[in-house]
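*Asks:* build me a model:
(one chain, ligands or ions: 1)
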Amino acid sequence: MALAKVTENSKNCAIEIKHDNELGRYLVTSRDIQPGEIIINEAPLIKGPAQVTGPVCLSCLKNLKEDDHSTCSKCGWPLCNDDYCHDSARHVAECDWTVNKRKQKVQIKQFITPHRTYECITTLRCLYQREHNPAVWKKLMELESHCGKRQGTEQYESDKRIIAQFLNRFFKIESADFSENDVLKICGIIQVNGHEVPLTSPAHVAIYEIASMLEHSCVPNCNKSFSNDGELLIRATRFIPAGEHISICYTDPLWSTINRLEHLAVTKFFLCQCIRCTDPTELGTYYSAINCFNKKCRGFIVPHSNGEKKRNKVIPDPKWECLTCKTEHSKTEVNKVLNQIAYDFSMTNKHDPSSCEIFLNHYKNNGLLHPNHYFLSNVRLKLAQLYGQTTENDVQSLSDLNLQRKMDLCFQMLEFATLLYPAEWRIHGVLKFELHATVAEDARRKMIKGEIDCDNLKLQLLESKKWLNETVFHLKYEPDNLPEGKIAKQAERNLEDLERLLTKMYFQL
Ligand SMILES: C[S@@+](CC[C@H](N)C(=O)[O-])C[C@H]1O[C@@H](n2cnc3c(N)ncnc32)[C@H](O)[C@@H]1O
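*Replies:* Numbering: from 1, shown residues only. Presented below is the predicted three-dimensional model:
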């Protein structure tokens, strides 16, 4: 193991960089970290449009409409009408190369579907640093690109055509300036290290220096969010003792083990060996488990994480085996069942509580899936939020039965989330916000019906306050433009109202 290097940035002084042959560089904590502490807070090295995007303002990266935009007077790239965007240096890379290399203004005419010309912009912005900002270029060059492993992949071939050859043709970039391999290395750096930033619509891509060294775990000890200004915030989601590896989740923890493994292998080129992927029961939740095909067995068939390296590439190849009778089942057999359910799942209207309930009831009774299976858990998660959220159906107008159903679902999913995706504080925060409203409404109804006295009302309102406090704790770093950021603000307001109400009750009692 190489010597630890302490980062110079004082904001990031809780971390050290280490290295090993399997992980490459990774980060560890240099002191004990408390839950909720921000341990990395950094501005991007580079940001730019996503590879597949419709025309966006190349300054603020927001979506553009055909009838509501202007163009840069120098290069012709569309920008939004904001003066700040026209003055901004954020657009300098493509502007300079359009003027000085292409020597012809760009004309974008189609604003509806993804536009090919934008696919190369973020790569171009990285390449531009070599001459114009060598310090940033040096940092980019230190990042993992997995050039060898990318070779021959679909993405590599399409990057060759759509980015490397296009840049050359469109911007008249000489191969003496940048070879095809130089461009493809940058494409690899963006693929392996790029973060999707949801601050704009559509989301854009950003590359960060320190955060690029974070390793992955499907059960990480940190999560990420973004400040309103696009800084990446890495926050501890539990106590992390000094010396522990710092991890975030590169993939979607709500996906099945197979999907997570494949996604990580294809996009990041490694076989995840985290505690969740290597445990066929997924931490005792049986999240990917289906009922054994042998009806007498009553056991569960689960994926046993497996993988092989073929020509330097990782290919996940999980073995499906019943935990009880040990019978192995082929992927084809298992996929036949899962594909049928996936079809029903896709046909279920996730905005309609009754459609979700029909799906849940059907699969509860037909003995195909473990009750915690991801298809069922994902629908339950939707449903916990859906009851009382549609315009015609707020919490106050829910029937007693549905209010109770909402409360049960929230508790059930919160317990489940704490076990399986403990770092997904966005989900925890949203569920707790739903719970605060449900608990308060339940108290109001019981009080009106005379089922509880003032002391019990106060107790239930204090419980509602507890859920609100936890919502704020989980969501306080979510940006204002995301639903979770809006919930955090609403929770703060509700908290003030509730405190006023509790004070009033205190004096009245
Ligand atoms: C964003 S980079 C992380 C920093 C990288 N290790 C470096 O040296 O620059 C992502 C790459 O790190 C490696 N990596 C991250 N997490 C890993 C894990 N849990 N197991 C194996 N490799 C991992 C993989 O090579 C992956 O493509």
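*Asks:* in the stretch 401-509 of the chain, what residue is nearest the ligand?
*Replies:* Sorted by distance to the ligand under Cβ to the nearest ligand atom, the residues of the stretch 401-509 of the chain start with Ala423, at 14.2 Å. C-beta here means a position set from N, CA and C on the backbone, and glycine is covered the same way.
*Asks:* residues near that residue, how many?
*Replies:* Here the number of neighbours of Ala423 (other Cβ atoms under 10 Å) works out to 24.
*Asks:* residue contacts, it?
*Replies:* With contacts defined as Cβ atoms under 8 Å, 6 or more residues apart in numbering, the neighbours of Ala423 are Val219, Pro220, Asn221, Cys222, Asn223, Thr237, Arg238, Ile248, Cys249, Pro253.
*Asks:* same question, Lys268
*Replies:* Under the criterion of Cβ under 8 Å, 6+ apart, the contact partners of Lys268 comprise His146, Val192, His216, Tyr250.
*Asks:* any idea how far Asn228 is from the ligand?
*Replies:* With the distance defined as Cβ to the nearest ligand atom, to the nearest Å, Asn228 ends up 24 Å from the ligand.
*Asks:* from memory Phe359 sits against Phe345, does it?
*Replies:* Yes. Applying Cβ atoms under 8 Å as the test, Phe359 and Phe345 come out as touching, 6.9 Å apart.
*Asks:* shared neighbours of these two, anything?
*Replies:* Overlap between the neighbourhoods of Phe359 and Phe345 consists of Val379, taking contacts as Cβ under 8 Å, 6+ apart.
*Asks:* now stretch 401-411: buried residues?
*Replies:* Using 16 or more other Cβ atoms under 10 Å as the test for burial, stretch 401-411 gives Asn402, Leu403, Arg405, Lys406, Met407, Leu409, Cys410.
*Asks:* can you tell me what sits against the helix or strand that the third one is a member of?
*Replies:* Looking back up the chat, that one is Arg405. Arg405 belongs to helix 400-420 when elements are defined using DSSP states H and E. Counting by Cβ under 8 Å, 6+ apart, the neighbours of helix 400-420 from elsewhere in the structure are 219, 253, 276, 282-285, 287, 353, 372, 377, 380-381, 383-384, 387-388, 395, 398, 424, 427-428, 431-432, 434-435, 438-439, 441-442, 445.
*Asks:* re earlier: and Phe359 and Phe345? Which one has more around it.
*Replies:* More neighbours surround Phe359 than the other of Phe359 and Phe345, with 22 against 17 (other Cβ under 10 Å).
*Asks:* check contacts around the residue lying closest to the more buried one once chain neighbours are set aside.
*Replies:* Across the structure, with Cβ to Cβ, 6 or more residues apart in numbering as the measure, the residue nearest Phe359 apart from its sequence neighbours is Thr348 (4.4 Å). The contact partners of Thr348, taken as Cβ under 8 Å, 6+ apart, are Ser355, Cys356, Ile358, Phe359, Val379.
*Asks:* let me know the closest of these to Arg130.
*Replies:* The shortest approach to Arg130 among these belongs to Val379, at 49.4 Å (Cβ to Cβ).
*Asks:* can you count the residues close to that closest one?
*Replies:* Val379 has 22 neighbouring residues, counting by other Cβ under 10 Å.
*Asks:* what's the helix or strand it falls within packed up against?
*Replies:* For Val379, the element it lies in under DSSP H and E is helix 374-386. With contacts defined as 3 or more Cβ pairs under 8 Å, 6 or more residues apart in numbering; DSSP states H and E, the secondary structure elements packing on helix 374-386 are helix 331-347, helix 353-365, helix 400-420, helix 425-448.
*Asks:* could you check the angle helix 374-386 makes with the last one?
*Replies:* With axes from the mean of the first three to the mean of the last three Cα atoms, to 10 degrees as the basis, helix 425-448 and helix 374-386 are set at 50 degrees to each other.
*Asks:* starting at the chain centroid, how far to helix 425-448?
*Replies:* Relative to the mean C-alpha coordinate of its chain, helix 425-448 is positioned 25 Å out (Cα atoms, centre = their mean, to the nearest Å).
*Asks:* thinking again about what came up before, what does the pLDDT read for the residue nearest to Phe359?
*Replies:* On pLDDT, Thr348 comes in at 97.
*Asks:* count of residues packed around the residue in the chain positioned nearest to the ligand?
*Replies:* Relative to the ligand, the nearest point of the chain is Gly24 (2.8 Å; Cβ to the nearest ligand atom). Using other Cβ under 10 Å, Gly24 has 15 other residues around it.
*Asks:* pLDDT weak spots in the stretch 151-300 of the chain?
*Replies:* Applying pLDDT under 70 to the predicted model, the stretch 151-300 of the chain contains no residue that meets it.
*Asks:* near the ligand, which residues of it show up?
*Replies:* The stretch 151-300 of the chain has residues Val192, Asn193, Ser212, Met213, Glu215, His216, Ser217, Lys268, Phe269, Phe270, Cys272 near the ligand, with proximity defined as Cβ under 6 Å from any ligand atom.
*Asks:* among those, which lie within helices?
*Replies:* Under the assignment DSSP state H, these contribute Val192, Asn193, Lys268 to helices.
*Asks:* the residue lying closest to the second one once chain neighbours are set aside: how many residues sit nearby?
*Replies:* Distance criterion Cβ to Cβ, 6+ apart; nearest residue to Asn193, sequence neighbours excluded, is Ser212 at 4.2 Å. Here the neighbour count serves as a burial measure; for Ser212 (other Cβ under 10 Å) it reads 22.
*Asks:* any idea how far Ser212 is from Gly48?
*Replies:* Noted for Ser212: a distance of 16 Å to Gly48, by Cβ to Cβ, to the nearest Å.
*Asks:* Ile248 too?
*Replies:* Ile248 sits at a distance of 22 Å from Gly48 (criterion: Cβ to Cβ).
*Asks:* more crowded one of those two?
*Replies:* The neighbour count for Ile248 versus Gly48, taken as other Cβ under 10 Å, is higher for Gly48 (27 against 21).
*Asks:* mind telling me what element the residue nearest to that one when sequence neighbours are not counted is part of?
*Replies:* Excluding its sequence neighbours, the residue lying closest to Gly48 (Cβ to Cβ, 6+ apart) is Thr122, at 3.1 Å. Using DSSP H and E, the element containing Thr122 is helix 121-132.
*Asks:* please identify the buried residues of stretch 29-39?
*Replies:* Residues of stretch 29-39 classed as buried under the neighbour-count rule (16+ other Cβ under 10 Å) are Thr29, Ser30, Ile33, Glu37, Ile38, Ile39.
*Asks:* first vs last residue of that stretch, how far apart are they?
*Replies:* Using Cα to Cα, to the nearest Å, the gap from the first to the last residue of stretch 29-39 comes to 9 Å.
*Asks:* would you mind listing the outside residues contacting the helix holding Val379?
*Replies:* With Cβ under 8 Å, 6+ apart as the test, helix 374-386 has contacts from 254-256, 287-288, 341-342, 345, 348, 350-353, 356-357, 359-360, 363-364, 369, 406, 409-410, 412-413, 416-417, 427, 430-431, 434.
*Asks:* and the next element down the chain from that helix?
*Replies:* Toward the C-terminal end, the helix or strand that comes next after helix 374-386 (DSSP H and E) is strand 389-390.
*Asks:* direction included, what does that next one pair against?
*Replies:* Within its sheet, and counting by DSSP bridges, strand 389-390 is paired with strand 393-394 (antiparallel).
*Asks:* quick one: average pLDDT of the strand it pairs with?
*Replies:* Strand 393-394 shows a mean pLDDT of 76 in the predicted model.
*Asks:* the chain should start at 56 in everything you say after this.
*Replies:* Right, with 56 as the first residue, what we last looked at is strand 448-449.
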